[in-house]
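> Have a look at this prediction, sequence included:
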Amino acid sequence: MNIETTTILDARGLNCPLPILKTKKALNSLESGDTLQLISSDPGSVKDIDAFCKQTGNELLQNSAESGEFTFIIRKS
């Protein structure tokens, strides 16, 4: 599934809670319906991003892991 993203956030090398904080800041600058692609190297971000999306009402469209990198696509509510 190939989803066009509005913004890409590279959070590789950052540990919790920085990927979540940067994701929140990036989403605040987007319009409702826009999509954010987050790339993280923090394994904890898998649970964190899922919980963040449920808590904030944003939609986690896709997540994947490859070679120690985690990619998430989030649609702003």
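The structure has been received and is ready for your questions.
> give me the beta-bridge partners of the residue nearest the centre of the chain?
With distances taken as C-alpha atoms, centre = their mean, residue 38 lies nearest the centre of the chain, 4.0 Å away. Beta-bridge partners recorded for residue 38 (DSSP bridges): residue 9, residue 72.
> So it versus residue 3, what's the distance?
Relative to residue 3, residue 38 is positioned 13 Å away (C-beta to C-beta, to the nearest Å). In short, each C-beta sits where N, CA and C put it, glycine included.
> Kindly report the same for residue 19.
From residue 19 to residue 3 the distance is 19 Å (C-beta to C-beta).
> Between those two, which has more neighbouring residues?
Set residue 19 next to residue 3 and count neighbours by other C-beta atoms under 10 Å: residue 19 wins out with 26 against 10.
> And the pLDDT at residue 3?
pLDDT, residue 3: 82.
> Report the contact partners of residue 59.
Residues counted as contacts of residue 59 (C-beta atoms under 8 Å, 6 or more residues apart in numbering) are 53, 74, 75, 77.
> Pull out the buried members of those.
Buried subset of the contacts of residue 59 (neighbour count, 16 or more other C-beta atoms under 10 Å): 53, 74, 75.
> Got phi/psi on the second one?
Dihedral pair for residue 74: phi -120, psi 130, per degrees, to the nearest 10.
> leaving aside the residues next to it on the chain, what's closest to it?
The shortest distance from residue 74 to any non-neighbouring residue, by C-beta to C-beta, 6 or more residues apart in numbering, is to residue 36 (4.8 Å).
> Need the contact partners of the helix or strand harbouring that neighbour.
Following DSSP states H and E, one finds residue 36 within strand 35-40. Strand 35-40 is contacted from outside by 3-12, 14, 19, 23, 26-27, 30, 45, 49, 61, 69-76, using C-beta under 8 Å, 6+ apart.
> at 6 Å instead, please
Residues from elsewhere that reach strand 35-40 (C-beta atoms under 6 Å, 6 or more residues apart in numbering): 5-12, 19, 23, 26-27, 70-75.
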